[in-house]
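S.K.: Next comes the sequence, and after it the predicted model I'd like to discuss.
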Amino acid sequence: GLLDSAGGRFHEKLRLHRLLATNAARSPRMNACETNNYMQNPTIDFDKETPLFFSPMGDPLYHLKESMIVRFAGRRGVVSTCNLNGGYREDLRYAFNNSCGRDPDVIAKRSVGMRGKTLTEHYAALAEELGLPLDKTTGMGTAALIENTATSSRQYHGVTVMAVATAGIDVNGGRAGEPAAYNEFTQTDLIKPGTINVFLFIDASLDAGTLTRALVTATEAKTAALQELMANSMYSEDLATGSGTDSLIAICNKESEIVLQNSGKHVLLGEMIGQSVKEAITEALSRQTKMTPTRQASIEWQTKRYGITREAIVSECLRLYPHLKKEVVEAGIGGIDRDNRLVAAVAAIAHLCDQNRWQIISDESMTCTAENILHTILSEEGISEEANRKDIVCGQDAPAYRQVLSLCLHTLARILHNRIIHSSL
């Protein structure tokens, strides 16, 4: 019912908008009154609301109805990835980032919070719920909470760049080119919540191409932030480059006397975009999911994508030593998972496996180097290498990197057992 009513309202609005536009063409007086009143006036009295902060161009940003709403204070050039009024526009007055993070159905994983049958209908319904005019608004959606928004700015030669980000990647991180998680042709399966959204404000006048190029620089900065946190893909054995639902809205000041025509990495504007976006996303990830360098200094977070997790190490330990009590083994896994020396060794092996899969490092070189690393940590733990090779579970036809990962998991389980035994003496 909700989808049908939202979609119906949206199409009715479009029908009326087209009708008004047609009538306005016949009667200029209608264009000046009815069209403006119907399509352009928000129902929110922003003069009674207190902005959270302002963009470098003086645009107020409000936190209302689980959304961050930007009200443009002047003429803006906007590039939006949204289905509603997306692409390059110079006639928009509002932009929003809406959170469904408190929706009970989203929390229970029964829904992704869609307000319509299509994404266009969804964003139109959100705009309507927020009281914003459909033809002057664009937006983004996320499961991250708006109060976890982070900002970062850079300024040079009178030009200020500000990035405003919400971010979450733990459940929906992915890498470009992976097998799709959703089939838009058959509309099967739910897209998992988890999104990185960015408002990018540039207090200078940019043409359409330069502003669009800023999205490329900002996207590279996002991927750099994820790379430096070793963010895992949830869909493959790779590192994440983003999520499948990320959005970006870049906004420039068309009233500025400063005109810039390049936003790539080689120019100062590109540097400011890259630094502000990376910093804002890094802080937003910390606020939303506590994803920090400290949290990522963990065997699980380094190699979850490869199946080496706390649970996997515990299971392997219990398989090798069935006489141990599960609660005893689980009590000891934290010390293994957070041992920075072991984290360094496992991270090095994981990167060897990465480069082997990318056909940079040969099977022989990867295996030899990984075995040397494991031999070193075994020696430090007082465990014989011969004993370590017993009972390793890995298919004979498994790729070489998979055999290395099995050896690594086996080694960690033996180290866990060794420490449990020593702690009980």
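M.R.: Here it is on my side, so go on.

S.K.: What helices and strands are in contact with the helix or strand containing F199?
M.R.: For F199, the host element (DSSP states H and E) is strand 196-202. The helices and strands touching strand 196-202, judged by 3 or more C-beta pairs under 8 Å, 6 or more residues apart in numbering; DSSP states H and E, are strand 94-99, strand 137-142, strand 159-167, helix 208-228, strand 247-253, helix 268-289. To be clear about C-beta, it is placed using only N, CA and C from the backbone, and glycine gets the same treatment.

S.K.: Looking at these, which is nearest to K326?
M.R.: helix 268-289 (28.0 Å; C-beta to C-beta).

S.K.: Quick one: name whatever helix or strand follows the strand holding F199.
M.R.: Sequence order places strand 205-206 as the next helix or strand after strand 196-202, per DSSP H and E.

S.K.: Give me the sheet partners of that next one and which way each runs.
M.R.: Applying DSSP bridges, strand 205-206 is found paired with strand 259-260 (parallel).

S.K.: Show residues contacting the strand it pairs with.
M.R.: Identification of contacts with strand 259-260 by C-beta atoms under 8 Å, 6 or more residues apart in numbering yields 159, 202, 204-206, 210, 267, 269.

S.K.: same check, this time on stretch 78-93
M.R.: 40, 71-72, 75-77, 95, 118-120, 122-124, 127, 133-140, 208, 211-212, 214-215, 247-252, 254.

S.K.: Buried residues in that stretch, which are they?
M.R.: Neighbour counts over stretch 78-93 (16 or more other C-beta atoms under 10 Å) mark 78-82, 84-86, 92-93 as buried.

S.K.: residues touching A204, list them.
M.R.: Here A204 is in contact with 159, 252-253, 256, 258-260, 269 (criterion: C-beta under 8 Å, 6+ apart).

S.K.: quick revisit: could you pick out the buried ones from the contacts of stretch 78-93?
M.R.: For these, buried by 16+ other C-beta under 10 Å: 71-72, 75-77, 95, 119-120, 122-124, 127, 133-140, 211-212, 214-215, 247-252, 254.

S.K.: In contact with Y235, which residues?
M.R.: 174-175, 178-179, 181.

S.K.: how about those in CSV, adding pLDDT and distance to S379?
M.R.: Shown next, in CSV, are the contacts of Y235 (pLDDT from 0 to 100; distance: C-beta to C-beta, whole Å):
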residue, pLDDT, distance to S379
G174, 86, 39
R175, 88, 36
E178, 80, 38
P179, 77, 41
A181, 67, 43
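
S.K.: Filter these down to the ones in strands?
M.R.: In strands, defined here by DSSP state E, the members of the contacts of Y235 are G174.

S.K.: What is the most widely separated pair among the contacts of Y235?
M.R.: Among these, R175 and A181 lie farthest apart (C-beta to C-beta), at 11.7 Å.

S.K.: out of the two, which sits in the more crowded spot?
M.R.: The neighbour comparison of R175 against A181 (other C-beta atoms under 10 Å) goes to R175, with 20 against 14.

S.K.: Ramachandran coordinates for K117?
M.R.: phi -70, psi -30 (degrees, to the nearest 10).

S.K.: State the distance from it to D103.
M.R.: As judged by C-beta to C-beta, to the nearest Å, K117 and D103 stand 18 Å apart.

S.K.: do you know how far the nearest residue to L285 once chain neighbours are set aside is from E311?
M.R.: Nearest residue to L285, sequence neighbours excluded (C-beta to C-beta, 6 or more residues apart in numbering): M291, at 4.2 Å. Distance, M291 to E311, using C-beta to C-beta: 20 Å.

S.K.: which other residues reach stretch 415-425?
M.R.: For stretch 415-425, contacts defined as C-beta under 8 Å, 6+ apart pick out 313-314, 317, 320-321, 324, 328-329, 332-333, 335-336, 342, 377-378, 381-383.

S.K.: Now, those that are in helices?
M.R.: Members of the contacts of stretch 415-425 lying in helices (criterion: DSSP state H): 313-314, 317, 320, 328-329, 332-333, 335-336, 342, 377-378, 381.

S.K.: mind putting those residues in a markdown table, neighbour count, pLDDT and distance to E300 included?
M.R.: Below are the ones in helices among the contacts of stretch 415-425 laid out as a markdown table (neighbours: other C-beta atoms under 10 Å; pLDDT from 0 to 100; distance: C-beta to C-beta, whole Å):
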| residue | neighbour count | pLDDT | distance to E300 |
| --- | --- | --- | --- |
| I313 | 25 | 98 | 9 |
| V314 | 19 | 97 | 11 |
| C317 | 27 | 96 | 15 |
| L320 | 17 | 93 | 19 |
| V328 | 13 | 96 | 19 |
| V329 | 20 | 96 | 15 |
| G332 | 20 | 96 | 14 |
| I333 | 21 | 97 | 9 |
| G335 | 14 | 95 | 13 |
| I336 | 21 | 96 | 10 |
| L342 | 20 | 98 | 12 |
| I377 | 18 | 95 | 17 |
| L378 | 18 | 94 | 21 |
| E381 | 15 | 93 | 20 |
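
S.K.: I'd like to know which of those is nearest to S152.
M.R.: Using C-beta to C-beta, the shortest approach to S152 within the ones in helices among the contacts of stretch 415-425 belongs to L342, at 33.6 Å.

S.K.: show me what contacts the closest one?
M.R.: 299, 336, 377, 412, 415.
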